[in-house]
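Undergrad: any chance you can model this:
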Amino acid sequence: VFDERTSQSHKPRIFHGWYIVGIAVTSSMILSGFQTYAFSFFFKPMSEELDIGRGAISAVFLIRAVIMGFLALPVGMAVDRYGPRVLVVIGILIGGFATIGMAWISNLLGFYLVFGLLRAFALSLAGGEVATTVVAKWFIRYRARALAISSIGVPLAGVLLAPLAALLINFYGWRNSFIIFGVATLVILLMPAYMKLRRMPEDIGLYPDGISPEEVEARATISGVSITPERDWTMGEAVRTPALWLITISLNLTIFMTSSITLHQVPYMSDKGFSSAIAASAVILMTFMAVLAKFFWGFMAERYPFRYCMVASQIFDAVGLMFLLTASTNFGILAYAFTMGIGRSEGLWNAHAYSTYFGRRFL
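TA: Numbering: from 1, shown residues only. Next up, the predicted model:
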């Protein structure tokens, strides 16, 4: 008879997949989250010193999106074939040095090259999308909760990096603040990524969710049923399904909407006459709610079809946007932040949708 205690004695105390989750949280917070939340505080001083309009600065996000769109397929294929470690390490190096390089830009072209082109490569190689995709490969039963945890990195940047950016810019100026963030990127992310990142649990003799291969074989022998967790679709098979295109269009439209709002929300509130204090309070409230919402939606996705949960979160996004557009009081701004925060779960759905529909191997 299979003795579960014997199997447990051969397993590591902490399943390696949770190290992957930890790396996903920190990398998405420092790389993706910095660009999403902390950069809003660089917006005004950069615009004034370099004499560049808001529209020109905002265009860098369009440049980044186009470049990342072209890189998505080759980067995804490289992760499937070679694993994430080398790619993520290269991305961290590019991202760290590009952030440091922002201290020396003097014109719009330099800004586009450093913050647009170089950081687009960094985010494509080491950003939240790659990290959460790798997390999805390490879990099946606990995938929703693992992805929920790994996706809190970006909203955590709003709670931690946004006020830190405001403080650093106030004391050291925006150029020195970029240097500090760039050095921190290299120091915090490089070593864990190099030491712990692996493509799939099977690559190091483990099984998804921390079950060992011996335990799977023994349980299958006892039950007489082969354990086949899920089917892995190839890219050629997946692109012929309507589900792939519907998921992709829906998620990308959501990401485009929420990232644009996040970038412009502080200047928009200022233009509408709201104080910097209420704007900062709204950012903190929204990101705090987004962190809590990740756990809530992860819990719900383990119990109900994830597509219903995804639609529900997008409804919260839409309602939050209406609050922002019609807000005339501080209460309206806080209602926007509260509601939008609950809906901000596109990072969770991005990896969970593809892995649920098409398996782990060719994500």
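Undergrad: show me what contacts the nearest residue to residue 40 once chain neighbours are set aside?
TA: The spatially closest residue to residue 40, leaving aside those adjacent along the chain, is residue 266, at 4.9 Å (Cβ to Cβ, 6 or more residues apart in numbering). To be clear about C-beta, it is placed using only N, CA and C from the backbone, and glycine gets the same treatment. By Cβ atoms under 8 Å, 6 or more residues apart in numbering, the contact set of residue 266 is 40-41, 43, 279, 283.
Undergrad: which of the residues you listed scores worst on pLDDT?
TA: The lowest pLDDT within the contacts of residue 266 belongs to residue 40, which sits at 78.
Undergrad: and for that residue, the neighbour number?
TA: Applying other Cβ atoms under 10 Å, we find 21 residues neighbouring residue 40.
Undergrad: what is the host helix or strand of residue 323 packed up against?
TA: For residue 323, the host element (DSSP states H and E) is helix 306-326. Judged by 3 or more Cβ pairs under 8 Å, 6 or more residues apart in numbering; DSSP states H and E, helix 306-326 is in contact with helix 242-271, helix 276-301, helix 330-343, helix 346-358.
Undergrad: does residue 340 touch residue 315 like I think?
TA: No. The criterion here is Cβ atoms under 8 Å, and residue 340 misses it with residue 315 at 11.5 Å.
Undergrad: which residue of those two possesses the greater neighbour count?
TA: More neighbours surround residue 340 than the other of residue 340 and residue 315, with 27 against 13 (other Cβ under 10 Å).
Undergrad: residues in contact with the more buried one?
TA: By Cβ under 8 Å, 6+ apart, the neighbours of residue 340 are 258, 261, 286, 289, 316-317, 320-321, 323-324.
Undergrad: from the helices and strands packed on helix 306-326, which stretch is densest packed?
TA: Ranked by mean neighbour count, the helices and strands packed on helix 306-326 are led by helix 346-358 with a mean of 24 (mean count of other Cβ atoms under 10 Å).
Undergrad: run through who's touching it.
TA: 28, 128-129, 132-133, 135-137, 143-144, 147-148, 151, 154, 232-233, 238, 241, 243-244, 247, 251, 254-255, 258, 294, 297-298, 301, 306-307, 309-310, 313, 363.
Undergrad: switch the cut-off to 6 Å
TA: When contacts are defined by Cβ atoms under 6 Å, 6 or more residues apart in numbering, helix 346-358 is touched by residues 128, 132-133, 136, 147-148, 151, 233, 238, 243, 247, 251, 254-255, 294, 297, 306, 310, 363.
Undergrad: tell me the mean pLDDT over it?
TA: In this model, helix 346-358 has a mean pLDDT of 71.
Undergrad: quick check: angle from it to helix 276-301?
TA: For helix 346-358 against helix 276-301, the angle by axes from the mean of the first three to the mean of the last three Cα atoms, to 10 degrees is 20 degrees.
Undergrad: quick one: distance of helix 346-358 to the chain centre.
TA: Mean-position distance between helix 346-358 and its chain equals 12 Å (Cα atoms, centre = their mean, to the nearest Å).
Undergrad: let's have the helices and strands packed on helix 306-326 in TSV, adding distance to residue 54.
TA: Below are the helices and strands packed on helix 306-326 laid out as TSV (distance: least, Cβ to Cβ, whole Å):
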stretch	distance to residue 54
helix 242-271	6
helix 276-301	15
helix 330-343	20
helix 346-358	24
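Undergrad: can I get the CA coordinates of stretch 22-34 in PDB?
TA: Extracted in PDB, the C-alpha atoms of stretch 22-34 (Å, rounded to 0.1, in the frame of the first residue of the first chain):
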ATOM      1  CA  GLY A  22       8.000  34.800  -5.300                       C
ATOM      2  CA  ILE A  23      10.100  35.800  -8.300                       C
ATOM      3  CA  ALA A  24       7.000  36.600 -10.300                       C
ATOM      4  CA  VAL A  25       5.800  38.900  -7.600                       C
ATOM      5  CA  THR A  26       9.000  40.800  -7.300                       C
ATOM      6  CA  SER A  27       9.800  41.000 -11.000                       C
ATOM      7  CA  SER A  28       6.300  42.200 -12.000                       C
ATOM      8  CA  MET A  29       6.400  44.800  -9.200                       C
ATOM      9  CA  ILE A  30       9.800  46.200 -10.000                       C
ATOM     10  CA  LEU A  31       9.600  46.000 -13.800                       C
ATOM     11  CA  SER A  32       6.000  46.200 -14.800                       C
ATOM     12  CA  GLY A  33       4.600  47.800 -11.700                       C
ATOM     13  CA  PHE A  34       7.200  50.600 -11.700                       C
END
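Undergrad: thanks a lot, see you next time.
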